[in-house]
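Enquirer: okay, predicted coordinates and the sequence, questions at the end:
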Amino acid sequence: MPHPVRTAAGTTRSVTPLSDGWRFQFSEAPDGVTGADFDDREWQPVRLPHSWNRMGNYTAQRAEDTDVRQGTGWYRLRLDKLVPTKGKRAILQFDGVGAIADLWVNGQHVGQHKGAFSRFRFDITDVLKPGRSNIIVVRADNSKPEQGSSTEHVIPLGGDFFVHGGLYRGVSLIEVDAASVDLMDHGGPGIYVSTPSVTAEKAEVAVLARLRNSGTKPRKLAMVTRIADADGRTVASATAPVRLAAGQASELTTPLSLANPRLWQGRADPYLYSVTVELREGSRVIDSVTEPLGVRSFAWDADQGFILNGKPMRLQGASRHQDWQGKGWALSPEDHATDMAIMAEMGVNTVRHAHYQHAQEWSDLADRNGMVVKAELPFVHQSAFDESLPAPELVANARAQLTELIRQNYNHPS
């Protein structure tokens, strides 16, 4: 298993990409597929990101490698001798699975997520076997939406694009202290940064932190909130005491201010600060999360159109889908960067996310390149298979996907 990548110097949160070692088969459920003794040696070895679909080419006929299968694909991964640190939680993070994901760990069903475009997480601490091989099994399902199908109530029901199946974005194992910034908030970062007031002389910044103590003992902590400029220099900070009872979730908002802020001005000057929230126990940092901060105000006006930082901005843009010929949706960071470079070379200053939540790598690039983004929910084309009103289950799924879209992208100035 790869070595952990620390999210901040000196912290105990670690993020381990789980890209290699997966076995894959497109099929209905084989007998015993979720068990540790199942023999997957004949399955296809794959590296993430992976999709079983390939489509799209610049000719009048479909390419020979076009693959538009819809149904269920199975993935298995063996984590050898995983030993979670005492007092830590183990979280599996999926950056995007098309379109329904079911997770089993060591034969136990952990949970299900419905929606192909957002990040989601499962706490697997209590089903792991420390020091032994742990078997992770994922079923991905992109069955065609129709009455009676597994995706009957999962948006989108239709549209002018194809929902690719598989673990088409990354999967990571996160190890975090039992007391931490909350990882279970609809896939969001757990800290949410807003700017209630922005002028040339001063920016008021509010940092909402959602905290969680999943342990069995109360914790007496300190929360340090810090804003740094683009060079890493601290320009504002505050410290507050935090007491978390066992099993408690809590919220704390910290007000900060920036004198003479440098504004995020779109393509002209996409200046980024960063906001870091640290949880400390005594002198020890037990968790840390850093998110971008672009200080800006925006508005829409019937006569002047889009207004950024008090000045009208003419928006000239394009739509973007998340697919590449020969890869489908299984894009690399380099693919996202190439798409952004093409947009920049075209001279656009705005990008429409057609028609769904795009990868976080892309939103990070939009921040740094000063793109104004129109984010969309995949509630397109139709809301039922006939003339009836949408089913309550469909509305609930749309609401869940919208919540994830907002939480996961709240801090992106783009």
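Expert: Nice, thanks for sending it over.

Enquirer: distance of the residue nearest in space to the middle of the chain relative to residue 148?
Expert: By CA atoms, centre = their mean, the mean C-alpha position of the chain lies nearest to residue 119, the distance being 3.5 Å. For residue 119, the distance to residue 148 (CB to CB, to the nearest Å) stands at 29 Å. The C-beta positions use only the backbone N, C-alpha and C, and glycine is treated the same way.

Enquirer: find the nearest non-adjacent residue to the residue nearest to the centre of the chain, please.
Expert: Closest residue in space to residue 119, ignoring its immediate chain neighbours: residue 187 at 3.9 Å, by CB to CB, 6 or more residues apart in numbering.

Enquirer: next, the contact list for the one you found, please.
Expert: The neighbours of residue 187, taking CB atoms under 8 Å, 6 or more residues apart in numbering as the test, are 93, 118-121, 404, 407-408.

Enquirer: and stretch 280-289, C-alpha only, in CSV?
Expert: The C-alpha trace of stretch 280-289 is given here as CSV (Å, rounded to 0.1, in the frame of the first residue of the first chain):
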residue,chain,number,x,y,z
ARG,A,280,-4.8,21.1,19.1
GLU,A,281,-4.6,19.0,22.2
GLY,A,282,-2.0,20.7,24.3
SER,A,283,0.9,21.5,22.1
ARG,A,284,0.0,18.6,19.7
VAL,A,285,-1.8,19.2,16.4
ILE,A,286,-4.3,16.4,16.0
ASP,A,287,-6.1,17.5,12.8
SER,A,288,-5.7,20.2,10.2
VAL,A,289,-7.7,21.2,7.1
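
Enquirer: go through the lengthiest helix in the chain and flag the buried ones.
Expert: With secondary structure taken from DSSP state H, the chain has its longest helix at helix 392-409. With burial defined by 16 or more other CB atoms under 10 Å, the residues of helix 392-409 counted as buried are 394, 397-398, 400-402, 404-405, 407-409.

Enquirer: in the stretch 51-200 of the chain, what residue spans correspond to strands?
Expert: Counting by DSSP state E, counting those that start in this stretch, the stretch 51-200 of the chain has these strands, from start to end: 72-79, 88-94, 100-105, 108-114, 120-123, 134-141, 171-177, 179-181, 191-198.

Enquirer: looking at the ones you listed, which is buried most?
Expert: Mean neighbour count, computed with mean count of other CB atoms under 10 Å, is highest for strand 179-181 among those, reaching a mean of 25.

Enquirer: which residues does that one contact?
Expert: 13, 89, 189-191, 209-215, 219, 221, 244, 277, 279, 281, 286-287, 289.
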